[in-house]
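> Output the structure for:
(2 chains)
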Amino acid sequence: MTNLTMTNITVQYSGNKPKKLRFWHKAARYSLYILLILFALFYIMPLFVMVITSLKSLDEIHQGGLLNLPENITFEPWFVAWSSACAGVSCNGLKGFFFNSVLLVVPAVFIATLIGAINGYALMHWRFKGSEIIFALLLFGCFIPFQIVLLPMAILLGKMHLSGSITGLIMVHAIYGIPFTTMFFRNYYMTIPVELVKAAKIDGAGFFRIFFSIFLPLSPPIIVVTIIWEFTNIWNDFLFGISFSAAGTQPITVALNNIVNSTTGVKEYNVDMAAAIIAALPTLLVYIFAGKYFIRGLSAGSVKG
Amino acid sequence: MVDYLQKHISKIVIAPSFVAILVFVYGFIGWTIYISFTKSKLLPKYDLVGTIQYEKLFTTPRWDVALNNLFIFTALFVVIAIVIGLLLAIMLDQKIRAEGVLRTVFLYPMAISFIVTGTAWKWILNPENGIEAVVRSWGFDSFRFDWLINSEMAIYTVVIAAVWQASGFVMALFLAGLRSVDQEIIKAAMVDGISTPRIYSGIIIPSLAPIFLSAVIVLAHLSIKAFDLVIALTGGGPGYSTDLPATYMYTMAFSRGNVGQAASSAVVMLTIVVAVIVPYLYSEMRARHD
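Here you go, the predicted model:
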């Protein structure tokens, strides 16, 4: 009965379309959804495997069944990963390194964003002879492979007695963040009409007055985009982290890699997976709760100069 | 005095960043290029000796492998990520239910660090407990999937993980492009009875050309910088079969203590990036002035 009514509705709805075409249309819709779901499973699978592995005991893991749900859920691997897993010589888990990363990310993001905002504003609305060239020179800094600066930076940090210190890492991240943040703000401020600035100048407002009373109130969206972009980049950084940190000051990505590759004792895959999720969690949460801004940053940071 | 400050305030504000970039980008590049023409070994030396480091670099089998891997990896990664990204974008553009959820699922790997990605895929791809074991437990006893520990195939596992991480981002780029295509033209084409596949291949996809270019640039740039993923997934192994220029450079700089080789390999990396990026930036800037 229901079938009959549904068919009737479809017939009415699609008017005089031939029946055969409707069949193919439906088949295409179904295959589209099936294909999309298959892709979704491919993207979800690694996260799913990480989560279930982190909740299994080692015995259960050794029985195989990569994709099977845990028979007995245990949170032990999470506690081990957080407070007693061995990364290199120290066996205090990830917690110290997690806070290293927080300690490093917060000031580095703050400094780079602040400087980027002022730079972008100056380069866009207070142009001077050569300001375009300066911007182009700055922009190139977004694209260099950082390998080209590793050696001299290591030597300089040594001379400044900042080798292996979090302060040194903050400095490095802030400096190489400036080209990106400047570009973000400059491109955003391009949309603010020049006339507005001109009028304010005629009224006698100065550089900082205009910045704080006109530009800053208009900036929250780009500030959020920039902070998310810089936060994600610096939190996920590995190259600077492994090159310029020492045993106690390593960021979380370096510690995670050490835990996974630590050769002492039994390989605890469940602990590795719990540690990997802990390391990924902050940026994942940002992505889930501020996805819109995350995507904007991605496309702004990678596509345009 | 105040007038002077007011007049030059913009320059004064930019100056510190400008100096920082001059030193930390251009100065450091200059330093590394200079060192690549010296005999530096454990410590930098400053007397120029010509191209010895480059001659040595290009006769080192390990560098040869690294460079080869870079080209294999870049080509496959860029092409596959673009094909999948475009396919996903077109599928999502068909007025799909739960589009937001699917988009989130396709894109979340981009928020994760390469170290986490490498750790996860290393676990999934290891033959002992991973996919190989799963398929065997389904009764296919002779199934083999040991790329991770096979020096001929290991570089392709890096491609798999990298595509997983970045293809959702390519999708986001294309989806934004699809959404900005002029709907009037498409309606007109539909009224004329042109089939959907032909509308895509004849009208929509060609109009996405600038996005293709951006995607290629972004992905190629990612692949040249790929370092963390290889370290976490294969550690450059088995042997040095999955070395990339980035891992070669790091090994020379920090574990072998060979500053000269590290510098010259970094310079080659920079040269490759410049060869790709500078024409792109130039054309972008010109397009904007027109």
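
> centroid residue for chain B?
For chain B, the residue whose C-alpha lies nearest the mean C-alpha position (C-alpha atoms, centre = their mean) is B:Leu222; its distance is 1.7 Å.

> Now A:Gly164: phi and psi?
Summarising the backbone geometry of A:Gly164 under the convention degrees, to the nearest 10, its torsions are phi 70, psi 20.

> Same check on B:Leu48?
The phi/psi pair for B:Leu48 (degrees, to the nearest 10) is phi -70, psi 140.

> what comes up buried for the longest helix seen in chain A?
The longest helix of chain A (DSSP state H) is helix A:19-54. Neighbour-count burial for helix A:19-54 flags A:36, A:39-40, A:43, A:45-47, A:49-50, A:52-54 (criterion: 16 or more other C-beta atoms under 10 Å in any protein chain shown). For every residue, glycine as well, the C-beta is placed using N, CA and C.

> Can you narrow those down to the ones near chain B?
Counting by C-beta under 8 Å from any C-beta of the partner chain, A:36, A:39-40, A:43, A:45-47, A:49-50, A:53 from the buried residues of helix A:19-54 sit close to chain B.

> so can I have CSV of the residues you listed showing pLDDT?
Shown next, in CSV, are those (pLDDT from 0 to 100):
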residue, pLDDT
A:Leu36, 94
A:Phe39, 95
A:Ala40, 95
A:Tyr43, 95
A:Met45, 94
A:Pro46, 94
A:Leu47, 95
A:Val49, 93
A:Met50, 94
A:Thr53, 92
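
> which among those residues gets closest to A:Gly130?
Taking C-beta to C-beta as the measure, A:Gly130 lies nearest A:Tyr43 of these, at 46.7 Å.

> picking up where we left off before, dump the C-alpha coordinates for the following helix or strand past the longest helix of chain A into PDB.
Proceeding C-terminally, helix A:19-54 gives way to helix A:58-62 as the next helix or strand, assigned by DSSP states H and E. Backbone C-alpha positions of helix A:58-62 (Å, rounded to 0.1, in the frame of the first residue of the first chain) are rendered in PDB as follows:
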ATOM      1  CA  LEU A  58      48.100  -5.600  24.800                       C
ATOM      2  CA  ASP A  59      46.900  -9.200  25.000                       C
ATOM      3  CA  GLU A  60      43.800  -8.300  23.000                       C
ATOM      4  CA  ILE A  61      45.900  -6.400  20.400                       C
ATOM      5  CA  HIS A  62      48.200  -9.400  20.000                       C
END
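
> Show me what helix A:58-62 is packed against.
With contacts taken as 3 or more C-beta pairs under 8 Å, 6 or more residues apart in numbering or on different chains; DSSP states H and E, helix A:58-62 sits against helix A:269-289.

> The helix it packs on close to chain B?
Yes: contact between helix A:269-289 and chain B, assessed by C-beta under 8 Å from any C-beta, occurs at A:269, A:272-273, A:276-277, A:279-280, A:283-284, A:286-288.

> what's the farthest-apart pair in the residues you listed?
Longest span within those, C-beta to C-beta: A:Tyr269 and A:Val286, 27.0 Å.

> Give me the spatial nearest neighbour of B:Ile35, chain neighbours excluded.
The shortest distance from B:Ile35 to any residue other than its chain neighbours is 4.2 Å, reached at B:Ala263 (C-beta to C-beta, 6 or more residues apart in numbering or on different chains).

> Then A:Phe98?
Distance criterion C-beta to C-beta, 6+ apart; nearest residue to A:Phe98, sequence neighbours excluded, is A:Ile252 at 5.3 Å.

> residues near that neighbour, how many?
Neighbourhood size, A:Ile252 [other C-beta atoms under 10 Å in any protein chain shown]: 31.

> right, and the helix or strand after the strand or helix carrying A:Met153?
Assigning secondary structure by DSSP H and E places A:Met153 in helix A:147-159. Next along the chain after helix A:147-159, taking DSSP H and E as the criterion, comes helix A:166-189.

> Please pull up the helix or strand immediately following that following helix.
Of the helices and strands lying after helix A:166-189 in sequence (DSSP H and E), the nearest is helix A:194-202.

> What is that following helix packed up against?
In terms of contact count using 3+ C-beta pairs under 8 Å, 6+ apart, helix A:194-202 is assigned the packing partners helix A:207-210.

> ok, stretch A:158-171 near chain B or not?
No: taking C-beta under 8 Å from any C-beta as the criterion, stretch A:158-171 and chain B are apart, separated by no less than 9.5 Å.

> List the buried residues for that stretch?
Judged by neighbour count (16+ other C-beta under 10 Å), stretch A:158-171 contains these buried residues: A:162-166, A:168-171.

> Any idea how far apart the tips of that stretch sit?
With C-alpha to C-alpha, to the nearest Å as the measure, stretch A:158-171 spans 13 Å from end to end.

> A strand includes A:Thr74, no?
No: remark: A:Thr74 does not belong to a strand; assigned using DSSP: H, G, I helix; E, B strand; the rest coil, it is coil.

> phi, psi of the closest residue to it other than its chain neighbours?
Computed as C-beta to C-beta, 6+ apart, the closest residue to A:Thr74 that is not its neighbour in sequence is A:Ser57, at 5.4 Å. The phi/psi pair for A:Ser57 (degrees, to the nearest 10) reads phi -80, psi 160.

> again, but for B:Leu208
The phi and psi torsions at B:Leu208 (degrees, to the nearest 10) take the values phi -90, psi 10.

> about what we covered before: what distance separates the longest helix of chain A from the centre of its chain?
From the chain centre to the centre of helix A:19-54 is a distance of 26 Å (C-alpha atoms, centre = their mean, to the nearest Å).

> Show me what that helix is packed against.
In terms of contact count using 3+ C-beta pairs under 8 Å, 6+ apart, helix A:19-54 is assigned the packing partners helix A:76-83, helix A:269-289, helix B:61-92, helix B:99-107, helix B:114-125, helix B:154-179.

> One more pass at 7 Å, please.
Contact analysis of helix A:19-54 by 3 or more C-beta pairs under 7 Å, 6 or more residues apart in numbering or on different chains; DSSP states H and E lists helix A:269-289, helix B:61-92, helix B:99-107, helix B:114-125, helix B:154-179 as its packing neighbours.

> deepest of these, which one?
helix B:114-125 (a mean of 26; mean count of other C-beta atoms under 10 Å in any protein chain shown).
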